[in-house]
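Participant: need a 3D model of the sequence below.
(2 chains)
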Amino acid sequence: MIRQEIIKSIEKATGKKNIRLERSENPEHGDYSTSIALKLKKNPQEIIKKLLSAQAEKSPLFERVEAAGPGFINFYLSEKYILKELAKAQKDLSLTNPAWKGKKVAVEFTDPNPFKVFHIGHLYTNTVGETICRLLEASGAKVKRINYQGDVGLHVAKAVWALKLSYPLERAYATGNSAFETDPVAKKEIEGLNKKIYERSDPAVNKIYDRGRAQSLAAFEKIYKRLGTKFDFYYFESEIGKIGKKIVEEGRKKGVFEKSEGAIVFPGEKYGLHKRVFITSEGLPTYETKELGLAPIKYKGFKYDLSIIVTGSEIIDYFKVLIAALKKIYPKLGQRTMHLAHGMLLLKSGKMSSRKGNIVRTEDLLNQVKQMALQRSKNEEIAEKVALAAVKYSLLRVGLGKDIIFDAVGSLSLEGDTGPYLQYTHARFKSILRQPGVELKKLPASVKMSQLERRLAVALLRFAEAIQDAASSFSPNVLANYLHNTAMLANEFYHSHPVTQEKDNAKKQLRVGLVKAIAATLQKGLSILGIFAPEKM
RNA sequence: GUCCCUAUAGCUCAGUGGAUAGAGCGCCGGCCUCCGGAGCCGGAAACAGAGGUUCAAAUCCUCUUAGGGACACCA
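Facilitator: Here you go, the predicted model:
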C-alpha cells in the first residue's frame, strides 16, 4: 500500500510512530500530505531533507516533497513509481490486510421472523451485513454468516391464530395482530397459542405451525438467493430460548440477574443502562435471553475472534444491556461481541409498520426497480442485475449512522451517483478492451502522463486503502464513495483520452493499462458491495 | 422526564482537527463525422444558532433549537 510506504518513510525521518497521512484533495497539494511538522513544531524542511536522503536512488518513491502552507508537507509520487505500482496491480488486486488476516469473524445479520413479511428493513440489514462480510473476507478474514430467526414468540402465535382460520400466510401476521389489539377473545386465544407453540403440546397446532414455518423459510431462501447471500449457520429461537433460560437461571444464582415483580431482570441501572426483563413472569424468555443463549452456541459452531451482530438502530439500547450481561456471564465472549447498528429505512409517510399497513416488501421493491431497468435494457438478466445494483448501492452509499428516507419506492434512479452508473462505467471500459488492436503488451517503465492520467492512476492505486478504511471502520459507504469518485475520474478520462486512436505506442500502452485497471477495480469493488458488474448492458 | 442518535445547497447524501466544504437529483446553458449519451463539460446554490478549546473547527466540548429512536414482561 502506498500510504504505508510513505508513513514508514516519515516515521524513519521523524522517529515518531502513528503518523497521520492525508490524501490531498487538491492536486496542487500533491498526492498525499501530512501536518506532522505542525504537530511536532519542527521545521518541515528538516524532515523533508531526511526523507529525501533516505530515499532509494533507483525508482524513487517521490518525484518531489515540498513544504507548503502553514507547515504542511506535500508528497508528489514519482511517475516511475506510479507506473511500477500500476503494473503490479494488473496482475494482482489482492487486498489482504494484516489486521484481519486469519481472523475468524462471525457476522449475524438479516434475522427475519418466519411468518412475517421480508420487508425492506430486512433488505437493508442483509445488504449491510453481506457487505461487511465481503469487506472482511477481502481483507483476509475467515467469515461465517449467521442468520438467527424468531420462529417462536407472540408474533408467531398471532400468525398461527390467523392460519387456523385459513387466512393465507402473507396476510396471517397482520390479521392476527389486529385481532390481538381489538378483540379481547382473540387476544386470550393468541396468548394460549403462544404457550402451546413453545411447549409443542398441541398436535393440531404443531401441524399448522410446522407447515407455516417451512413455507415461510422457503420463501426467505428464495430471497437470499436473489440477493446473493448464503448463510453458514441458521439458528432458531425455538432452540436457543431454552438454553438462554438456563443461562439466566444460573446467572441469577451468581447475582447477575434479579427477581422483580415475578420476572427475572438484569439490573442495568447499576451500569448506567436501564433495567430489562430477561424472563417474563409467565416464565418465557424474551429476546434478550434468546440472544444471550445464542452467544455460546455460536462460539461452539465457530471459534470466533469477533462476533458482529448487524441490526437496525432502534435496538441499540437493548444490545448495550445484552452485552453488559454477556460480559458478566461469559467475559471472553462479551469482549468479542460487537453490535453494528444501521439507521432505519423510513418512508416519506413515516416509519414502516405492519399496523399501519405501509410495509414495503423486498420483492415488490426489486420487481418495481427491475421494471424501470427493463425500459433500458430488454435483457431480463441484466435488468435484474441493474435493479439489484440500484437498490443495494442506494443503501450502501450512506453512512451507517443515519436513517435513509425512501420518499417513493419508484424514485430510485439509474443515473448519477448510483449502482448502475458504476456498472455502466465498468461495461463501457470492458468494451474498449474488445476493440481491435487493444491489447496490453507491457506497461512502459516511463512515459509522460497527462494530469488526468496521473490522477486516475493514483486513484486506482488507492483501492487497497479504501478497502482498509472501509473494513476498519465497518463503513461500506467508504468503499461506495471511493468507487463513485474513481468512476467519475474514469469517465472524464474516457471522454478526453481515446485509446484506439492513440498513435504513440507508449501512451497507448499506458491507456490500455489504465482501462484494464479501471475495469478490474470496479468489478472487484462492486463485488464487495454485493453488486454484479456485467460485461455488457 | 431520562438516555442515545441526527442537523451541510431547493431535495438526497459525501466530507479520518488542516489548505479554495465535494457529489447526485432538480434548475439554467453546452457536447454524438471519434472506443457505449445509464455519459461528458460549464453555471447558480449550503456547514441549524450561540459560546468555548486549538496555530487551525462542518468535524472536539457546553448550552439552545428542531427531528428521530429507546426507556421491564413484543422483537
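
Participant: can we go C-alpha only for contacts and neighbour counts from here?
Facilitator: Will do.

Participant: hey, which helix or strand in chain A has the poorest pLDDT?
Facilitator: Within chain A, no helix or strand scores below strand A:350-351, which has a mean of 68 by mean pLDDT, DSSP states H and E.

Participant: number of residues surrounding the nearest residue to A:Phe236 once chain neighbours are set aside?
Facilitator: Take A:Phe236 and drop its neighbours on the chain: the residue closest to it by Cα to Cα, 6 or more residues apart in numbering is A:Gln149, 5.0 Å away. A count of nearby residues for A:Gln149, using other Cα atoms under 10 Å, gives 18.

Participant: next: A:Pro27.
Facilitator: Count around A:Pro27 with other Cα under 10 Å applied: 12.

Participant: which residues touch it?
Facilitator: Going by Cα atoms under 8 Å, 6 or more residues apart in numbering, A:Pro27 touches A:Arg455.

Participant: does RNA strand B sit close to stretch A:361-377?
Facilitator: Yes. Contact of stretch A:361-377 with RNA strand B (Cα under 7 Å from any atom of the strand) involves A:Ala373, A:Arg376, A:Ser377.

Participant: mind listing what's buried in that stretch?
Facilitator: Neighbour-count burial for stretch A:361-377 flags A:Thr362, A:Leu365, A:Leu366, A:Gln368, A:Val369, A:Lys370, A:Gln371, A:Met372, A:Ala373, A:Leu374 (criterion: 16 or more other Cα atoms under 10 Å).

Participant: what's the answer for stretch A:29-44, then?
Facilitator: A:His29, A:Gly30, A:Asp31, A:Tyr32, A:Ser33, A:Thr34, A:Ser35, A:Ile36, A:Ala37, A:Pro44.

Participant: same question for stretch A:323-333.
Facilitator: Applying 16+ other Cα under 10 Å to stretch A:323-333 flags A:Ile323, A:Ala324, A:Ala325, A:Leu326, A:Lys327, A:Lys328, A:Ile329, A:Leu333 as buried.

Participant: likewise for stretch A:395-412?
Facilitator: Quick answer for stretch A:395-412 (16+ other Cα under 10 Å): A:Leu395, A:Leu396, A:Arg397, A:Val398, A:Leu400, A:Asp403, A:Ile404, A:Phe406, A:Leu412.

Participant: which of those fall within strands?
Facilitator: Among these, DSSP state E puts A:Ile404, A:Phe406 in strands.

Participant: can you tell me which of the buried residues of stretch A:395-412 is nearest A:Glu108?
Facilitator: Looking at the buried residues of stretch A:395-412 and their distance to A:Glu108, the nearest is A:Leu400, at 16.4 Å (Cα to Cα).

Participant: report the contact partners of the closest residue to the closest one other than its chain neighbours.
Facilitator: Excluding the flanking residues, the one nearest A:Leu400 by Cα to Cα, 6+ apart is A:His342, at 4.7 Å. Residues counted as contacts of A:His342 (Cα under 8 Å, 6+ apart) are A:Thr125, A:Val310, A:Thr311, A:Gly312, A:Ser313, A:Leu400, A:Gly401, A:Lys402, A:Asp403.

Participant: now these in JSON lines, with pLDDT?
Facilitator: Formatted as JSON lines, the contacts of A:His342 follow (pLDDT from 0 to 100):
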{"residue": "A:Thr125", "pLDDT": "96"}
{"residue": "A:Val310", "pLDDT": "97"}
{"residue": "A:Thr311", "pLDDT": "96"}
{"residue": "A:Gly312", "pLDDT": "94"}
{"residue": "A:Ser313", "pLDDT": "94"}
{"residue": "A:Leu400", "pLDDT": "93"}
{"residue": "A:Gly401", "pLDDT": "85"}
{"residue": "A:Lys402", "pLDDT": "87"}
{"residue": "A:Asp403", "pLDDT": "87"}
